[in-house]
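Enquirer: starting from these lines, generate the structure:
(one chain, ligands or ions: 1)
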Amino acid sequence: MYRIGEAESKRVEKLLMSGEIFRYGKAGECDQFEVDWGKRLGVAHVRMTTSGTAALYCALIGLKVGPGDSVIVPSCTYMATALAVVAAGAIPIVADVDDSITLSAEDVERRIQPHTKAIIPVHMWGLPCDMDGIMAVAERHNALVLEDACQAVGGGYEGRMLGSIGHAGAFSFNYYKNMTSGEGGAFVSNDEAVAQRGSVATDCCSYYWNPEEHRPEAQFAGLNFRATEISGTILNAQLERIDEMLDRMRGHKRHLLKIGEDAGLTSIQNNSLDYECGTHLGFIFDGEASARSFASQIKESGGKAFLPIDTGRHVYTRWDPIMRKQGAHHPSLDPFNLPENKALGIEYSEDMCQDSLDILSRSVLIGMHPDNDSERVEVIAKAIREAAADVLVSG
Ligand SMILES: Cc1ncc(COP(=O)(O)O)c(C=O)c1O
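Expert: Numbering: from 1, shown residues only. Okay, here's the model as predicted:
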């Protein structure tokens, strides 16, 4: 989404002229990306997929999540996080976000059950979750952690790369993400068995492409979420851009955060300002009216401001297939109908995460962009100062 241009176009043209657009049978672009992304994250295994949703699903299969398991997901995430859990045959438990607009470690502790096999912290809008808190709860309860880093590609948390901290991580490279090949994804893990099971889910033929691989896991029926060399080559070009882009946005965010705080605003909780993506700046207000007034004044200046409650598909109340317990295309395959899942007794209601609804409707996020020059950043800074003065006086 952020930048795509000549470097990508040259690489794609070269690839197309070679005719080698299938990933297997050579050490090609996808192999290169998997090696380089693994090095960057410091993880042993990377497997490209066709999307972030597929990456989440394959990682869950890799972690052996299935019927009889619950998986904790945050109340604010793209619906695919919860749908991947259901696709794996398990049942999501929805937990609150805190003032960071990401999964609350405290609420995970409150809602975790003996049957909870995994927790999915989602680094929404490039904002890292409280990973120390979440890993500690997971360890106390013997749960696995799958980081949904789909919206946080390239970001970090206190010196470690997002996606590399839990037992597995998932990334999206769709059009809106920090690196993009139009569509695409990858899951990662340091655990070889997780990577291999996940690879079978990614590619039903995976074993036959690499018959020499040592496989402790039995083969099972997978599908096909194989990436193309076209995605691989675009992402190899995108890797060269990501650090400079995120550095710029982090710098702009820090500057605007200070402007806002000096003007009397309260920032959302930032869990790792020095390492995060810097794609969004957030302020939290006493009430929804102040948040709405602030956001509309920023928008008038051309800034990209929004209330997270307004994004619809990112709020649990709008996840229709989950809220209605329609977990599959056929009732006999529907995880919500399986006896081992019915025994978990998980129910959903509109008000089950009231604290989240409150936080999401009192917060304003402002999108950064690496192409913003200092003049543009100063226009946003001025708008923040003026809107803050207005809202804080009338509030
Ligand atoms: C937090 C989150 N998880 C998962 C996904 C799914 O990724 P994809 O659209 O590549 O399937 C997205 C994509 O928007 C996302 O934002």
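Enquirer: got a list of what residue 88 touches?
Expert: Neighbouring residues of residue 88 by CB atoms under 8 Å, 6 or more residues apart in numbering: 57, 60-61, 65-66. Any C-beta I mention is one placed from the backbone N, CA and C, and that applies to glycine too.
Enquirer: which among these gets closest to the ligand?
Expert: residue 57 (9.4 Å; CB to the nearest ligand atom).
Enquirer: how many neighbours does the spatially closest residue to the closest one that is not a sequence neighbour have?
Expert: Closest residue in space to residue 57, ignoring its immediate chain neighbours: residue 84 at 4.4 Å, by CB to CB, 6 or more residues apart in numbering. Other residues lying near residue 84 total 28 when counted by other CB atoms under 10 Å.
Enquirer: helix or strand: which one has residue 84?
Expert: Residue 84 belongs to helix 80-87 when elements are defined using DSSP states H and E.
Enquirer: what about the residue of the chain found nearest the ligand, how many neighbours?
Expert: Proximity of the chain to the ligand (CB to the nearest ligand atom) peaks at residue 52, 2.5 Å away. Residue 52: 28 surrounding residues under other CB under 10 Å.
Enquirer: what's the separation between residue 139 and residue 310?
Expert: 36 Å (CB to CB, to the nearest Å).
Enquirer: quick one: the helices in the chain?
Expert: Assigned by DSSP state H, the chain shows helices spanning 6-18, 29-41, 52-62, 80-87, 105-111, 131-140, 192-202, 206-209, 229-262, 288-300, 320-323, 339-342, 354-362, 374-394.
Enquirer: who in this protein is up against the ligand?
Expert: 51-53, 77-78, 80-81, 122, 148, 150-151, 172, 174, 185 (CB under 6 Å from any ligand atom).
Enquirer: and which of these is nearest residue 132?
Expert: Using CB to CB, residue 122 comes nearest to residue 132 of the residues of the chain next to the ligand, at 16.4 Å.
Enquirer: residue ranges in the protein under the pLDDT threshold?
Expert: Scanning the chain for pLDDT under 70 picks out the ranges 1, 213-218, 395.
Enquirer: now with 80?
Expert: For the chain, the stretches flagged by pLDDT under 80 are 1-2, 207-219, 393-395.
Enquirer: report how many residues lie close to residue 243.
Expert: Residue 243 has 11 nearby residues by other CB under 10 Å.
Enquirer: can you offset everything so residue one is 552?
Expert: Yes, from this point I'll number from 552; that puts the last item at residue 794.
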